[in-house]
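sharing a sequence plus its predicted fold:
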Amino acid sequence: MGKNKKNTKNKVKSKKKINIFSRIIGIIFNILLIVFLGLLIYMDVLPTKYFSIIVSALVVIAIIINLILFIPKVKTKLKVPANFFAVVFSAVFALGINYLYNTVDFLDNITSSGYQVENYYVVVLDNETFFKIEDLKGYKMGIHVTENDTYKKARKKLEEKVKTKNTDYEDTTKLANDLLEENVDAIFISESYKAHLDEEKEGFEGKTKILDTISIKTKTKDIAKEVEVTEESFNIYISGIDTFGTISSVSRSDVNMIVTVNPNTHEILLTSIPRDYYVQLSGTKGLKDKLTHAGIYGVNKSIKTLEELLDIEINYYVKVNFTTVVDIVDVIGGVDVYSDKSFRSYTDSSVYVKKGNNHFNGKQALAFSRERYAYKEGDRHRVKNQQDVLTAIMNKVLSSKTIISKYNSLLNTLEGSFQTNMNMDNITSLVKKQIDSMPSWTIVSQSVNGTDKQAYTHSYPGQQLYVMEPDMETVKAAKVKIEEVLNKKK
């Protein structure tokens with residue numbers, strides 16, 4: 001008799017513990033469910049038909065689980081499996097919340113960066129004379145004077161840091177020569193112009209070092225031309241700047257591509273314009289310039305210059321840099337790209353590309369996409385290499401295995417090296433439409449062409465540089481094709 005009472009008492013205690021455990025599990029389950037559904041509603045990427053099915057199913061499951069977990073009189077043999085399923089669903093919700101939160105955070109960051117950063121360097125000879133900027137007090141400083149709005153702010157900050165004997169220069173070649181010949185002890189120059197000297201002035205990069213950096217952050221004017229992206233055709237400017245690090249940096253644009261999207265016919269046209277195209281920069285008179293130099297004055301200058309060249313309207317831009325390529329390729333485990341010849345990279349001598357199929361890591365993929373000196377066609381062939389690398393990245397990223405296993409890593413990688421002025425609603429609308437109908441897209445590419453020559457440029461008037469004189473017939477043909485894709489009906 002006493003034994004039966006003890007067993008009954010133990011059963012009551014056991015059931016009480018299970019009920020308490022069930023309530024805790026139930027509370028966690030409900031909190032995670034609410035957060036998951038809230039993020040799903042906020043993102044609005046699921047078409048109504050799928051969203052309704054998912055929500056209906058989750059509501060039914062939640063009702064059943066809650067009835068079992070929170071009603072004390074329900075038998076233990078039902079509570080145990082209910083607890084199990086509640087834990088499983090909670091884990092699924094937690095994983096989903098992680099993915100959705102990271103996606104929202106990523107989209108918010110890449111679409112809200114309404115500023116740009118321009119770096120100015122204090123450059124000295126790479127010897128043992130100067131170790132910090134204060135060491136330059138009283139010495140000769142050559143200062144490159146530019147028309148950029150940030151220049152005056154940067155110069156003021158420089159003068160607050162150290163007092164030097166200043167000489168103004170407009171010609172960067174003379175500025176570099178005077179430093180190398182020790183006519184001045186240091187020079188003050190923007191990151192973009194220094195990159196040009198590193199490339200064009202033999203020995204400059206190896207014989208000099210950056211002693212100090214002054215960064216000027218400014219707000220940018222948003223010149224997006226909004227359209228209903230799921231219903232109307234639009235153009236996107238892809239700008240690949242020639243820097244590592246933060247995407248907000250102002251620098252030359254090495255990759256210049258117009259992506260024309262027709263959401264009704266599901267066509268995409270890629271129009272590539274060589275970096276050395278000799279064009280009139282928007283808002284300037286006199287000397288023309290390389291298209292890549294438009295990036296020195298900000299992405300808006302590049303957009304306006306291309307709009308005037310092609311006589312089209314550009315709705316949005318997407319900005320990437322060297323870091324984007326390197327990090328993405330490394331995160332996805334490399335890409336396979338075919339090369340039609342063997343060469344050692346000019347921009348990175350440690351990279352050797354063989355003729356045939358190559359498996360590239362990030363560093364190798366970047367070197368391959370930047371190469372032009374190994375080809376007779378120069379920049380024309382580089383455009384093709386860039387398209388091949390981008391295609392390989394897209395194919396790898398969009399494979400189900402990669403997108404699932406590397407999703408968070410990809411978002412983290414892109415967040416700091418990817419920027420667009422397309423708003424989050426437009427991006428999620430495009431995703432929603434793609435999920436809804438799953439259309440297959442036709443992707444076609446074209447390039448404009450020109451003639452090689454040497455010429456003086458607006459940004460570097462003191463020396464002749466290699467440029468490509470536009471073949472206006474190819475420019476007109478490119479415009480016609482863009483208009484054709486934009487205006488094509490379903």
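Thanks, I have it. Residues are numbered from 1 along each chain as shown.

what pLDDT is listed against residue 254?
pLDDT for residue 254: 86.

how about it, secondary structure?
The local conformation at residue 254, judged by DSSP: H, G, I helix; E, B strand; the rest coil, is strand.

doesn't residue 370 make contact with it?
Yes - because the distance of 7.0 Å satisfies C-beta atoms under 8 Å, residue 254 is recorded as touching residue 370. C-beta: built from backbone N, CA, C; applies to glycine.

tell me where the stretch 301-450 of the chain has helices.
322-331, 362-370, 379-397, 400-405, 407-415, 424-437 (DSSP state H, counting those that start in this stretch).

ranking those helices by burial, who's on top?
Per-stretch averages of neighbours, counted by mean count of other C-beta atoms under 10 Å, single out helix 362-370 among the helices of the stretch 301-450 of the chain, with a mean of 23.

quick one: contacts of it?
254, 322, 325-330, 334-335, 337, 339, 345, 347-348, 351, 353, 358, 360, 382, 385-386, 389, 392-393 (C-beta atoms under 8 Å, 6 or more residues apart in numbering).

got the helices of the stretch 301-450 of the chain as a markdown table, with mean pLDDT and distance to residue 243 columns?
Formatted as a markdown table, the helices of the stretch 301-450 of the chain follow (pLDDT from 0 to 100; distance: least, C-beta to C-beta, whole Å):
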| stretch | mean pLDDT | distance to residue 243 |
| --- | --- | --- |
| helix 322-331 | 85 | 6 |
| helix 362-370 | 92 | 12 |
| helix 379-397 | 82 | 16 |
| helix 400-405 | 64 | 27 |
| helix 407-415 | 74 | 16 |
| helix 424-437 | 84 | 25 |
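
can I get those helices in JSON lines with distance to residue 480?
Putting those into JSON lines (distance: least, C-beta to C-beta, whole Å) gives the following:
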{"stretch": "helix 322-331", "distance to residue 480": "31"}
{"stretch": "helix 362-370", "distance to residue 480": "28"}
{"stretch": "helix 379-397", "distance to residue 480": "20"}
{"stretch": "helix 400-405", "distance to residue 480": "36"}
{"stretch": "helix 407-415", "distance to residue 480": "34"}
{"stretch": "helix 424-437", "distance to residue 480": "26"}
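
residue 52: which of those helices is closest?
Closest of these to residue 52 is helix 424-437, at 12.6 Å (criterion: C-beta to C-beta).

what sits up against that closest one?
Contacts for helix 424-437 (C-beta under 8 Å, 6+ apart): 43-47, 49-50, 107-108, 111, 226, 229-230, 263.

can you flag the buried ones in those?
43, 45-46, 107, 111, 229, 263 (16 or more other C-beta atoms under 10 Å).

quick one: least confident of these?
Lowest pLDDT among the buried ones among the contacts of helix 424-437: residue 111, 76.

that older thread, so which of the helices of the stretch 301-450 of the chain is nearest residue 286?
Residue 286 lies closest to helix 379-397 among the helices of the stretch 301-450 of the chain, at 24.2 Å (C-beta to C-beta).

starting at the chain centroid, how far to the closest one?
15 Å (C-alpha atoms, centre = their mean, to the nearest Å).

with stretch 145-153 instead?
26 Å.

over to it now: how far is its first residue from its last?
Using C-alpha to C-alpha, to the nearest Å, one end of stretch 145-153 lies 12 Å from the other.

next one: stretch 359-374
19 Å.

go on, stretch 282-297?
10 Å.

what comes up buried for it?
282, 284, 288-297.

same deal with stretch 123-130?
Quick answer for stretch 123-130 (16+ other C-beta under 10 Å): 123-125, 130.

closest to the centroid, which residue in this protein?
Centroid check for the chain by C-alpha atoms, centre = their mean gives residue 418 as the closest residue, at 1.9 Å.

that residue and residue 318, how far apart?
Distance of residue 418 to residue 318, computed by C-beta to C-beta, to the nearest Å: 7 Å.

thinking again about what came up before, let me have the buried residues of stretch 123-130 in CSV, extended by distance to residue 63 and pLDDT.
Below are the buried residues of stretch 123-130 laid out as CSV (distance: C-beta to C-beta, whole Å; pLDDT from 0 to 100):
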residue, distance to residue 63, pLDDT
123, 69, 97
124, 73, 97
125, 76, 96
130, 74, 94
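
for residue 478, state which of the residues you listed is nearest.
Of all those, residue 478 sits closest to residue 123, with 39.4 Å by C-beta to C-beta.

just to revisit the earlier point, tell me the one of the buried ones among the contacts of helix 424-437 nearest residue 193?
Among the buried ones among the contacts of helix 424-437, and counting by C-beta to C-beta, the member closest to residue 193 is residue 111, at 30.1 Å.

could you list every residue that touches that closest one?
So residue 111 contacts 420-424, 427 (C-beta under 8 Å, 6+ apart).

residue ranges in this protein under the pLDDT threshold?
Low-confidence segments of the chain (pLDDT under 70): 1-15, 112-113, 244-245, 398-405, 416.

before we move on, the earlier item: wait, which of the helices of the stretch 301-450 of the chain is closest to residue 482?
Using C-beta to C-beta, those put helix 379-397 closest to residue 482, at 16.5 Å.

from residue 353, how far off is residue 304?
36 Å.

right, and the residue nearest to the centre of the chain touches residue 324 too?
Yes - assessed by C-beta under 8 Å, residue 418 is found in contact with residue 324 at 5.9 Å.
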